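Asker: give me the fold of what follows.
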Amino acid sequence: MGQVAIGTGFGLRFDSDYFVIRLDAGLKVKDPQFSGSNQWVIKNFFDSKEFKEQYYQTHKPDRYNFIQYNFGIGMPF
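Answerer: Below you'll find the predicted structure:
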């Protein structure tokens, strides 16, 4: 279970006869790149400035994002 990520989110979807267009936003809840109770990154969401700065110092040039945006165009199933 330590290698499983957990997230939540919401999105908008437009279904037509030929295409599906979607825009989603996801929020990280559990991130398996950390260990132990630090995997539950949602606890750092509201005081994220310090958490993000500490992450940047140890993972330069990568920055940590709690929210992921996705845009997709596909075929309807």
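Asker: so which residues of this structure form helices?
Answerer: Secondary structure of the chain (DSSP state H): helices located at 48-59.
Asker: hey, where'd the strands end up in it?
Answerer: Along the chain, the stretches classed as strands by DSSP state E are 6-15, 20-30, 67-74.
Asker: in TSV, list those strands along with mean neighbour count and mean pLDDT.
Answerer: C-beta coordinates here come from the backbone N, C-alpha and C atoms, glycine included. Listed next are those as TSV, based on neighbours: other C-beta atoms under 10 Å; pLDDT from 0 to 100:
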stretch	mean neighbour count	mean pLDDT
strand 6-15	11	95
strand 20-30	15	96
strand 67-74	10	95
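Asker: make CSV from the ones you listed and add distance to residue 60 to it.
Answerer: Converted to CSV, these look like this (distance: least, C-beta to C-beta, whole Å):
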stretch, distance to residue 60
strand 6-15, 25
strand 20-30, 20
strand 67-74, 21
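Asker: can you tell which of the ones you listed is closest to residue 39?
Answerer: Comparing the strands of the chain by their distance to residue 39 (C-beta to C-beta), the top pick is strand 20-30, with 5.1 Å.
Asker: next up, the contacts around the closest residue to residue 72 other than its chain neighbours.
Answerer: For residue 72, ignoring the flanking residues on the chain, the nearest one in space by C-beta to C-beta, 6 or more residues apart in numbering is residue 22 at 4.9 Å. For residue 22, the contacting residues are 11-14, 70-74, taking C-beta atoms under 8 Å, 6 or more residues apart in numbering as the criterion.
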